[in-house]
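Chemist: can't give you the sequence, but here's the structure:
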């Protein structure tokens, strides 16, 4: 199935934490969405592989995604190498996303966002997107070039390039996070993860004068044709609609 937006994470729950509200918002606007996890999260303090997979499926259902896939490159063993790049490039060719969301590829010492798997996932996504365009790569299906890649899990010292207002999507996002009971609702853990994640969303929201937001960094300059796609108010996305994207897909095909 071809999709408009693919969010890639290292562990089950990463995508929900960093991009869940945006996935809900894009789906409400009529775009198709998907999730790809690169490990099964077996090293997480809470839960088993089976439990985490079921939680991730439930969260994906709440977010309304059209595609959900999990690879198994080893929790805490994830590495940006030829094998992982090829595997992710194959999935990019399979689903042909226009936009990919992926973790930020660098992290400061001691920060949660600096988990080596998160950093590796960001690098794998960038390199896989390149591999997906190369005709001679030993990958099935036709080459595909994405339109853009935006990064989440930003270190504290990296300001977002843009912030998406997820105020209206906040409750659904919270429900998707709570589906990961072994991680965020586990009484054996002494950290209030839900408070932490809400606080992060409030911080991003404050950047743009709304209650809740999710922030992203653009890794390279983007080609923009219609400046007003960047500033239009909700309900007035003229020139940036799913129909026009579908029309472009038909033209390219």
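Modeler: Arrived safely. Here the structure is a predicted model, which is why all the values come from computation and not from measurement. Numbering: from 1, shown residues only.

Chemist: Report the buried residues of stretch 101-120.
Modeler: 101, 102, 103, 104, 105, 107, 113, 115, 117, 118, 119, 120 (16 or more other C-beta atoms under 10 Å). Every residue, glycine included, has its C-beta placed from N, CA and C.

Chemist: How about residue 51, nearest residue that isn't a chain neighbour?
Modeler: Closest residue to residue 51 apart from its sequence neighbours, by C-beta to C-beta, 6 or more residues apart in numbering: residue 182 at 5.4 Å.

Chemist: Make sure that neighbour is actually in contact with residue 47.
Modeler: Yes: contact status for residue 182 versus residue 47: in contact at 3.0 Å, counting by C-beta atoms under 8 Å.

Chemist: residues shared between the contacts of these two?
Modeler: residue 55 (C-beta atoms under 8 Å, 6 or more residues apart in numbering).

Chemist: pLDDT below threshold where in this structure?
Modeler: Scanning the chain with the threshold set as pLDDT under 70 gives 108-113, 232-253.

Chemist: can you give me the helices in the stretch 1-150 of the chain?
Modeler: 14-28, 49-63, 82-95, 116-131 (DSSP state H, counting those that start in this stretch).

Chemist: Tell me which of the ones you listed sits nearest to residue 227.
Modeler: helix 14-28 (20.5 Å; C-beta to C-beta).

Chemist: Please state the offset of the closest one from the chain centre?
Modeler: Here the centre of helix 14-28 is set off from its chain's centre by 7 Å, with C-alpha atoms, centre = their mean, to the nearest Å.

Chemist: If we go by neighbour counts, what in that helix is buried?
Modeler: Neighbour-count burial for helix 14-28, counted by 16+ other C-beta under 10 Å, picks out 14-27.

Chemist: Which strands or helices does that helix pack on?
Modeler: For helix 14-28, the contact count by 3 or more C-beta pairs under 8 Å, 6 or more residues apart in numbering; DSSP states H and E identifies strand 5-9, strand 33-37, helix 49-63, strand 99-103, strand 162-165, helix 170-178, strand 213-218 as packing neighbours.

Chemist: what does it contact?
Modeler: With C-beta under 8 Å, 6+ apart, helix 14-28 has contacts from 4-5, 7-9, 33, 35, 37, 59, 63-65, 101, 103, 118, 121, 152-153, 164-166, 168-170, 172-173, 176-177, 179-180, 197, 201, 212-214.

Chemist: are any of these buried, and which?
Modeler: 4-5, 7-9, 33, 35, 37, 59, 63, 65, 101, 103, 118, 121, 152-153, 164-166, 169-170, 172-173, 176-177, 179-180, 197, 201, 212-214.

Chemist: about what we covered before: which of the buried residues of stretch 101-120 sits closest to residue 186?
Modeler: For the buried residues of stretch 101-120, the nearest to residue 186 is residue 115 (18.2 Å; C-beta to C-beta).

Chemist: From residue 56, how far out is the residue nearest to residue 51?
Modeler: Separation of residue 182 from residue 56 (C-beta to C-beta, to the nearest Å): 11 Å.

Chemist: Those two: who's more crowded?
Modeler: Taking neighbours as other C-beta atoms under 10 Å, residue 182 and residue 56 compare with residue 56 leading, 26 against 20.

Chemist: The more buried one against residue 11, yeah?
Modeler: No: applying C-beta under 8 Å as the test, residue 56 and residue 11 come out as separate, 9.1 Å apart.
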